[in-house]
Every structure is written in C-alpha cells, then in structure tokens.
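Asks: here are the coordinates; sequence isn't available:
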C-alpha cells in the first residue's frame, strides 16, 4: 500500500523510492513506496508535477496503491518528486471551501451528499432533514466570509485509525484530501448560487 505523505505533510518535494515502472499505452505507470501526489478522488482533482525528470500527467487510486502516470520511464530506486505548487494550492483551496460550505449548510438542517471541487464546477449538494431551513447564496456567503476573517486554523487528528480534519472549533470530518493551513489561505470564496431541484439543494461556488 502506498504511504500517503500528504496526510500529514504540506511539503511539495521529497525523496522517495520508485518500486515499479511499467509501460501503459503511450504512458508509463509508476508506483512509489510513498507519495506526496494526491490522486483523483473525494471530489478533488489529481496533482501533477514531476518524478525525477518525468512529468506526472495524472494520478489514480488503485485498490491498494496510488499509480502515477508519467510521460517517460522512471528508473526504480530512490528519486526526487515535486508536486506542481500552483495546481495543488488551487485544488486545496477549492476542496477546503467546499467543506466549509458543507459545515455551514449542514448546521441549518441539510445533509451533504455529494461534492465536486473542480475548477469552474465547484458545487456541494444536500438533501433536507426535518429541521431544514431556507438557504440562499447571500446567507452562505456571509457565513463563510466571517470564518475566513476569523482565520480558523486547520486541525488534523486520528479517530479509530481514520484521518479527520477540522477548522477551529468547527466539527471534524473524515477526509483524505488536502486542506489549507488556516482559512485566510482560502483568499476570496464566491457563492454563485444556492438552488433547489427535486428536493435537493445545490450550492455553487468558486475561489479567486
């Protein structure tokens, strides 16, 4: 099983061991003993970057391993990996903002059921509970702006072996994604709309 270094580290560079490199169509599939690269999943896009001089094109989760698809072969043994900083920062901000929306709306009686943290497509969907309140975009915007102003810090913990993330005193949630160190790193979050369809609430957002 690939060790996920990004679970407990914000570093974007590391020396790791290449276990295997196999030709795969026009690419090469690389397995590392440990990785800083976040695979696609949990509503978050994959990281890109480099393994030695090979460019990481996409990263996917296999049942037991994380597989890095690169443009040229990599020699097994110790090597240097580098995550693309700009892409990681943007994905991290989108992912963290989506969870904040989830917290805010859930506190008003809506249960989050699906999230999509991709550029230009940010949205969180909810289903109502018996205590669901009416939600509009402006209300969500005001709530998030206040948390960002308060600059709540990220807290990481383990519960029964599972990784949990929280910001300040907000409730913790199980998550394998990447998150900002504190909420001011989010910058500007814009709530574009909050609309209901077939009983489900969709909140669309972006980060600038």
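Replies: In hand now; what should we look at? Model, not experiment: these values are computed from the prediction. Numbering: from 1, shown residues only.

Asks: Show me how far stretch 19-30 is from its chain's centre.
Replies: Computed by C-alpha atoms, centre = their mean, to the nearest Å, the chain-centroid distance of stretch 19-30 equals 25 Å.

Asks: what's the answer for stretch 134-142, then?
Replies: Computed by C-alpha atoms, centre = their mean, the chain-centroid distance of stretch 134-142 equals 23 Å.

Asks: List the buried residues for it?
Replies: For stretch 134-142, a neighbour-count test (16 or more other C-beta atoms under 10 Å) marks 135, 137, 139-141 as buried. C-beta here means a position set from N, CA and C on the backbone, and glycine is covered the same way.

Asks: Kindly report the same for stretch 115-127.
Replies: For stretch 115-127, by 16+ other C-beta under 10 Å, it's 115-117, 122-126.

Asks: what's it in contact with?
Replies: 42-45, 90-91, 94-95, 97-99, 101-102, 105-106, 110-114, 177, 199-207 (C-beta atoms under 8 Å, 6 or more residues apart in numbering).

Asks: rerun that using 6 Å as the cut-off
Replies: By C-beta atoms under 6 Å, 6 or more residues apart in numbering, the residues outside stretch 115-127 that reach it are 43-45, 94-95, 98, 101-102, 105, 110-114, 200-206.

Asks: among these, which ones are buried?
Replies: Of these, these count as buried by 16+ other C-beta under 10 Å: 43-45, 94-95, 98, 101-102, 105, 110, 112, 201, 203-206.

Asks: quick one: which two of these are the most distant?
Replies: 45 and 110 (25.1 Å; C-beta to C-beta).

Asks: Spit out the contact partners of residue 152.
Replies: Residue 152 neighbours (C-beta under 6 Å, 6+ apart): 167-168, 183.
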